[in-house]
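Asker: How does the following fold in three dimensions:
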Amino acid sequence: MRTKLTPTFSSGKIKSTFPIIVDVANTLVEVLEDMQNSPLYDTDVGMEIEDLISHYTTDTIGSVAFGLDCGSLRDPNSKFSDISKTILDFRHNIIIVSLANIFPKVARILRIKILPEKVSKFFLNLVRQTVTFREQTGTQRNDFLNLLMELRKSGDLTMEEITAQVYIFFVAGYDTSSSTLTFCLYELALNQDIQNKARSEINEVLSAHKGILTYEAMIDMKYLLQIMYETMRKYVVTAFLLRQTAEDYFVPNTDYVIEKGMTVLLPVDAIHHDPDLYPNPKLFNPERFTAAEIEKRHPMAYLAFGRGPRNCIGSRFGKMEVLVGLCLLLKNFKFSPTKKTQIPIKSSMFKLLRASEEGVYLKVEKL
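Answerer: Model (predicted):
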């Protein structure tokens with residue numbers, strides 16, 4: 001499956017979705033401006049941005065994956081928003097999820113489902129209806145689903161496999177990017193000097209590109225990328241990675257053997273906060289990710305996107321989604337903490353991926 005899907009995540013294919021993401025990000029700016037101008041907006045409390053950012057990533061993924069306007073930014077109670085929140089809220093079945101991951105064979109025998117039934121039905125119906133409509137009308141869209149449909153024509157994928165891939169693309173691109181962008185804005189609010197430096201770079205690069213945010217302009221924003229990397233170091237979305245050994249591995253200079261078939265847990269959060277690798281790890285410092293600093297570290301010292309043959313297949317898309325949102329938000333708004341901003345921020349115990357405990361409240365000022 002990995003081999004079949006890799007071509008769909010090439011730099012050229014990902015670049016082709018750039019205008020779609022910019023359109024959604026512009027809507028995010030408009031919605032945020034409307035919220036800031038609302039008479040209900042209290043500058044002492046600020047705005048809860050975590051939920052708003054999740055609507056941005058929901059709409060982005062919906063557009064790129066399905067070619068659909070999810071409408072989450074304009075309507076926070078849309079069907080897509082409801083499904084998005086359901087997918088990753090494991091408050092009531094975290095034990096079942098954990099046991100199913102540890103004992104997958106037993107889970108299959110007992111027919112245990114990790115996903116709520118309504119989520120499965122939603123995606124199956126959505127994909128079937130969209131695929132049927134496109135096949136009957138000959139509609140062609142430059143999105144992920146269209147690429148999967150081409151694989152189906154050649155006999156490589158079934159309808160259920162298409163649905164599974166669309167689902168995982170939606171989940172992986174929605175919450176991970178939302179979490180990263182939210183924590184980016186949180187840290188920038190606490191570190192005004194870094195925020196100002198980022199905004200200066202954005203204005204300078206856009207000026208060199210005639211004021212237009214193009215794919216090439218985004219690539220030129222090196223400091224913005226460093227900010228994203230540092231955010232993903234400090235607030236890595238998944239605290240650990242699981243891998244299964246393909247063959248016996250003899251640990252160098254020891255008598256230990258990791259036997260074939262054993263599950264290995266990689267403590268990403270601990271690695272990212274190792275003071276030997278990242279001095280003063282609690283400090284938010286984008287300078288850790290200059291080319292020179294990266295070169296000094298072991299390549300496995302940073303695992304935000306994983307490494308090796310099972311690294312994040314959609315990393316290019318994830319970076320683009322975060323950077324476009326961050327660029328247009330910083331260009332148009334200034335973010336700062338309020339009396340309701342939780343400092344230091346705490347992570348929720350009831351989310352599968354990293355999220356805040358009490359929401360992220362920031363003061364938003366139009367520039």
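
Asker: where along the stretch 201-350 of the chain do the strands fall?
Answerer: For the stretch 201-350 of the chain, the strands defined by DSSP state E, counting those that start in this stretch occupy 241-244, 249-250, 257-258, 263-266, 333-337.

Asker: Pick the most buried one from those.
Answerer: For the strands of the stretch 201-350 of the chain, the largest average neighbour count (mean count of other CB atoms under 10 Å) is found in strand 333-337, namely a mean of 19. (Each C-beta comes from the backbone N, C-alpha and C, glycine too.)

Asker: what does it rub up against?
Answerer: 29, 32, 36, 46, 185, 188-190, 192, 195, 329, 343, 362-367 (CB atoms under 8 Å, 6 or more residues apart in numbering).

Asker: mind listing which of those are in strands?
Answerer: Counting by DSSP state E, the part of those found in strands is Leu362, Lys363, Val364, Glu365, Lys366.

Asker: Which one (most neighbours) among the residues you listed?
Answerer: Leu362 (25 neighbours; other CB atoms under 10 Å).

Asker: Name all residues that make contact with that residue.
Answerer: Contacts of Leu362 by CB under 8 Å, 6+ apart are Gly46, Met47, Ile49, Leu185, Tyr186, Ala189, Phe335, Ser336, Pro337, Thr338, Thr341.

Asker: Is there a neighbour count for the nearest residue to the fifth one once chain neighbours are set aside? I'd like the number.
Answerer: Read that as Tyr186. Excluding the flanking residues, the one nearest Tyr186 by CB to CB, 6 or more residues apart in numbering is Val360, at 5.3 Å. By the criterion of other CB under 10 Å, Val360 has 26 neighbours.

Asker: likewise Ala198?
Answerer: Neighbouring residues of Ala198 were enumerated by other CB under 10 Å; the total is 23.

Asker: before we move on, what about the one 3 residues further on?
Answerer: When counting by other CB under 10 Å, one arrives at 19 neighbours for Glu201.

Asker: What about the contacts of Leu362, which are in helices?
Answerer: Among the contacts of Leu362, the members falling in helices (DSSP state H) are Ile49, Leu185, Tyr186, Ala189.

Asker: Check those residues against Gln226 and report the nearest one.
Answerer: Leu185 (15.5 Å; CB to CB).

Asker: I figured that closest one hits Glu48, correct?
Answerer: No. Leu185 sits out of contact with Glu48 when judged by CB atoms under 8 Å, with a separation of 11.7 Å.

Asker: Closest one to Ile313 out of the contacts of Leu362, please.
Answerer: Leu185 (26.4 Å).

Asker: Contacts only, for that closest one.
Answerer: Counted by CB under 8 Å, 6+ apart, Leu185 has contacts Ile49, Ile53, Leu326, Leu329, Phe335, Val360, Leu362.

Asker: Output those as a markdown table; include the columns distance to Met159.
Answerer: Compiled in a markdown table, the contacts of Leu185 are given as follows (distance: CB to CB, whole Å):
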| residue | distance to Met159 |
| --- | --- |
| Ile49 | 37 |
| Ile53 | 32 |
| Leu326 | 36 |
| Leu329 | 38 |
| Phe335 | 44 |
| Val360 | 39 |
| Leu362 | 43 |
